[in-house]
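Peer 1: Provide a 3D model corresponding to the input given below.
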Amino acid sequence: METLNFLTKNKASEIRENFGSPAYVYSESALKKNASSALSFPNKFGLTVRYAMKACSNASILRLFDKDGIHIDASSGFEVHRAIRAGISPEKISLSSQEFPEDFVDLFEKGIHFNACSLSMIEKFGKVFPEESFGLRINPGVGSGGSKKTNVGGPSSSFGIWHEQISEAKLLIEKYKLKVVRIHTHIGSGSDPKVWEEVAKSSIDLLRHFPDATYLNLGGGFKVARMSDEPQTNLKNIGKSIRDALSVFHQESGRKIHLEIEPGTFLVANACSLLTTVKDIVTTGNNGYSFLKLNTGLTEIMRPALYGAQHPIIILSEKESRNSRNYIVVGHCCESGDLITTAQNEPDSLEPRELSEADIGDICIIEGVGAYCSSMCAKNYNSFPEAPELLICENGDLKLIRKRQTLEQIIQNEIQI
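Peer 2: Next up is the predicted model:
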């Protein structure tokens, strides 16, 4: 059975008593350790680490990474505004978006970096900023991810300019006298390290099409081991071969390429635990299942129901000696798909999990929830309020970094007629 990442039973009890449950709990020590690892990514001519803020957008997390020297990758104009409001300087923010923001002119004039992700975006950018410098996000034709839904490269993905359309992109670039200074690729989240490395090397060849490009952004997607039996990407191992390839490219072209990476999951996934409570236990007979019902679910953690993602689950029982038992763990939403123990990569399939025998009222900890949980969930479904977020500081202090939402806040924008 899985073990706790950083919470202790006493700390979990203290948090539930003072802040209730469910609640997200982050570890500052873990966040800073992950930041240090990312900043150590091997490079030849300079490195910029950009945090993919869509993974977890809390302002305190953004500021913590900013202090450590990590820049920001934003996926929408709204994320840009959110980062700026958190105190991040615009010149540290890069925008790669599926949607061209309505207020793009204002954002770009503030000093952000921009990667065009489609031919129409090149056209829109060129019309308002002719002769300007920008980046191109290119779909290299290959993708890899933890599941089909997290694969953002190849012919089944809408992300980036298809690699066979580079000549069309060049025509638009010439039309508006634009300057491409950055090439950006990203193939998926939780991708196979070998595939990531191969695509990274092939991305260097894309630089040959754009002689002014001196930046190569390889995205993120580094595989993180949430479960104890999962593999994890070794950044130093994959980085060394990229560094060597950029050295060869320099010898051939004379260009010194500054490397960028955009980790999200790698930085925050295992630095956060979701503290919940067992609210009910039901059974469907000898030929059925035993279900643990938690006071969380799609409203805080959607990844299992969406991707069939696996998360460690630990029961903190008051019993001194505990037997183990197989459970299906489900959420509190009135929704048959609110499942937490699904089969791997099969969100529609139930997969019993061996856990310590539980009682109603026990604390249940779900690990690995720092990425794509608080920022990607069925917020307010069944009118459940947003859960609070807390940070355990390096000195042991506990800080509230997001309050629990109230019912009044849920309905404040409704207009009765």
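Peer 1: doesn't residue 248 fall inside a helix?
Peer 2: Yes. Assignment of residue 248 by DSSP: H, G, I helix; E, B strand; the rest coil places it within a helix.
Peer 1: give me the number of residues near it?
Peer 2: As a burial measure, residue 248 scores 12 neighbours (other CB atoms under 10 Å). Placement of C-beta: from N, CA and C, glycine included.
Peer 1: how far away is it from residue 205?
Peer 2: Per CB to CB, to the nearest Å, residue 248 is found 11 Å from residue 205.
Peer 1: so residue 1 touches residue 357, yeah?
Peer 2: No. Between residue 1 and residue 357 there is no contact under CB atoms under 8 Å: 11.4 Å.
Peer 1: please enumerate the shared neighbours of the two.
Peer 2: Here residue 1 and residue 357 share the contacting residues residue 324, scored by CB atoms under 8 Å, 6 or more residues apart in numbering.
Peer 1: of the two, who's got more company?
Peer 2: residue 357 (16 against 12).
Peer 1: could you report the pLDDT at the residue nearest to residue 85 when sequence neighbours are not counted?
Peer 2: In space, residue 85 comes closest to residue 59 once its chain neighbours are excluded; the distance is 7.2 Å by CB to CB, 6 or more residues apart in numbering. At residue 59, the predicted lDDT confidence score is 98.
Peer 1: then residue 150?
Peer 2: Predicted confidence (pLDDT) for residue 150: 40.
Peer 1: how about the strands in the stretch 101-250 of the chain?
Peer 2: Using DSSP state E, counting those that start in this stretch, the strands of the stretch 101-250 of the chain run over residues 113-116, 133-139, 161-162, 179-184, 215-217.
Peer 1: distance to residue 414, mean pLDDT and mean neighbour count added to these, as JSON lines?
Peer 2: Shown next, in JSON lines, are the strands of the stretch 101-250 of the chain (distance: least, CB to CB, whole Å; pLDDT from 0 to 100; neighbours: other CB atoms under 10 Å):
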{"stretch": "strand 113-116", "distance to residue 414": "36", "mean pLDDT": "98", "mean neighbour count": "26"}
{"stretch": "strand 133-139", "distance to residue 414": "38", "mean pLDDT": "95", "mean neighbour count": "22"}
{"stretch": "strand 161-162", "distance to residue 414": "41", "mean pLDDT": "92", "mean neighbour count": "20"}
{"stretch": "strand 179-184", "distance to residue 414": "40", "mean pLDDT": "97", "mean neighbour count": "22"}
{"stretch": "strand 215-217", "distance to residue 414": "41", "mean pLDDT": "95", "mean neighbour count": "23"}
